[in-house]
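Peer 1: everything below, folded, please.
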Amino acid sequence: MQELDQPSNRYWAPVDPDAPNNAHAFSLELVGHNKRVLELGPAAGAVTRALADRGCRVVCIEVDPEAARHLEGVAEAVVVGDLSDPEVVAAAADDEGFDVVLAGDVLEHLSDPLGVLRACRRTLRPGGYVVVSLPNIAHGDVKLQLLAGQFDYRETGLLDRTHLTFFTRASLGQLFEDAGFLLVDLRRVVVPVFTTEQAVDAASVDPAVLEAVMADPESETYQFVARALVHDGSAELARLAERLVAAETELERERARGAAMEERAESSADRLETTRIELEEARAEIGRLEPLLHEAQALARGFEALSEERQANVDAIRSTRSYRLLAPFRALFARRS
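Peer 2: Coordinates of the predicted model:
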C-alpha cells in the first residue's frame, strides 16, 4: 500500500485509534474492522488510512481534487465531487453496496445534510449503518458567547466559518429519524467550558449565569459521535434503541463522574503527600532548632538569676544605715540636677 504523505490541509490531524476522548478514535471503533465503507469528505485521508489498516475497503467522496490525490493507493476508489450535488453519492454507489457510511465532521458543512443521509441510506447493504461525528452548537462556550452578544467564527472548531448547519443533541436525533435511521450508539468528546478555541474569559462570566449554563448535561460536549442503523419502522426496535442510548449515556456520565472523583482523590492524595513532606521538613527544622532553644532557655535562666542577684544586692545596700544617712544628700543632688 502506498504511504500516505501529509498534505497541507487545515483539517489534517494524525489519527490515534487508541486516543481517549477523541472523535477519530470513537469513529473507528464504531465503524469496526473488515467493512466496506463509503467515506464522505475524507480530506487528506488520515482516517481513510486508519480504516485500511483495520482491513476496511474504502470508497471516498472528496470535493478537493488536490486532497483526493493523496487518497490514491489508500482508497479503493475516489469520487471527486460536491456532496451538495445529489448525484454524487449515487455515482459512488455500486451493486456491492456498503456496510458503513462514515461522515466525520462533514454534515455541518452541507446545506442539505438530510438529503445526503437519505441518499447514503440507499447505498447500504441490509444491516448497514452510518457513523457520524459533528460539533455541538450548544456547548457552554457558545452559549456564554451568545449571552454576551457574540458569535465569533473561527478557522476551525465549534464555529468553523465554513459551517452551514448547526446541531444539538436533539437535532441530531431528529436528523437520523427524518433520514430513516435509528440511533443506537452515541459517544461524546468532552471539552470543559472556558477551554475551547472560542476563548471565553471566565472572569467576565457571572457565577449565576455559569451555573445556569452548566445545568445542561451537554454543556461540555464538544462533539457527538453517533452510530445509526437503517430503521425498518419497528416501534419496538425504536423503543429498545432509545433505552440503549439512554443507558449508554448514563454509563458514560457515571464514568465521567468516576474519573472526576478519581482525579479529585489523586489531587487530595497529592495535597496530603505535600503536607506530609512539609510536616517532615518542619519536624527536621524543629530538631535542628531544639538545641538552640535549650541554649536560649539556659541563657534566659542565667540572666534571670543574675538579675535576681543584682536586685538582692541593691535591696541589701538600701537596707544599710549608711544608705539611709545619705538620703538628704541624694535628694539635694537630684534637685540641682
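
Peer 1: does residue 40 touch residue 120 like I think?
Peer 2: Yes: counting by CB atoms under 8 Å, residue 40 sits close enough to residue 120 to count as a contact (7.5 Å). For every residue, glycine as well, the C-beta is placed using N, CA and C.

Peer 1: spit out the residues that contact these two alike.
Peer 2: When contacts are counted by CB atoms under 8 Å, 6 or more residues apart in numbering, residue 40 and residue 120 are jointly contacted by 101, 103.

Peer 1: okay, the residue positioned nearest the centre of the chain and residue 83: tell me how far apart.
Peer 2: When CA atoms, centre = their mean is applied to the chain, the residue found nearest the centroid is residue 191 (3.1 Å). Per CB to CB, to the nearest Å, residue 191 is found 27 Å from residue 83.

Peer 1: so where do the strands sit in the stretch 151-300 of the chain?
Peer 2: Assignment of strands within the stretch 151-300 of the chain using DSSP state E, counting those that start in this stretch yields the ranges 181-190, 221-230.

Peer 1: so can I have CSV of the ones you listed showing mean pLDDT, mean neighbour count and distance to residue 131?
Peer 2: As requested, the strands of the stretch 151-300 of the chain are exported to CSV (pLDDT from 0 to 100; neighbours: other CB atoms under 10 Å; distance: least, CB to CB, whole Å):
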stretch, mean pLDDT, mean neighbour count, distance to residue 131
strand 181-190, 94, 21, 9
strand 221-230, 96, 23, 5
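
Peer 1: out of these, nearest to residue 70?
Peer 2: strand 221-230 (23.8 Å; CB to CB).

Peer 1: what is the closest one packed up against?
Peer 2: helix 23-31, strand 124-135, helix 169-179, strand 181-190 (3 or more CB pairs under 8 Å, 6 or more residues apart in numbering; DSSP states H and E).

Peer 1: let's see it at 6 Å
Peer 2: Where contact means 3 or more CB pairs under 6 Å, 6 or more residues apart in numbering; DSSP states H and E, strand 221-230 is packed against helix 23-31, strand 124-135, strand 181-190.

Peer 1: okay, now the unreliable bits of this protein?
Peer 2: 1-13, 236-237, 240-241, 252-265, 267-268, 292-312, 314-315, 323, 329-337 (pLDDT under 70).

Peer 1: give me the distance between the closest residue to residue 141 other than its chain neighbours and residue 90.
Peer 2: Among residues not flanking residue 141 along the chain, residue 198 sits closest, at 4.2 Å (CB to CB, 6 or more residues apart in numbering). Noted for residue 198: a distance of 38 Å to residue 90, by CB to CB.
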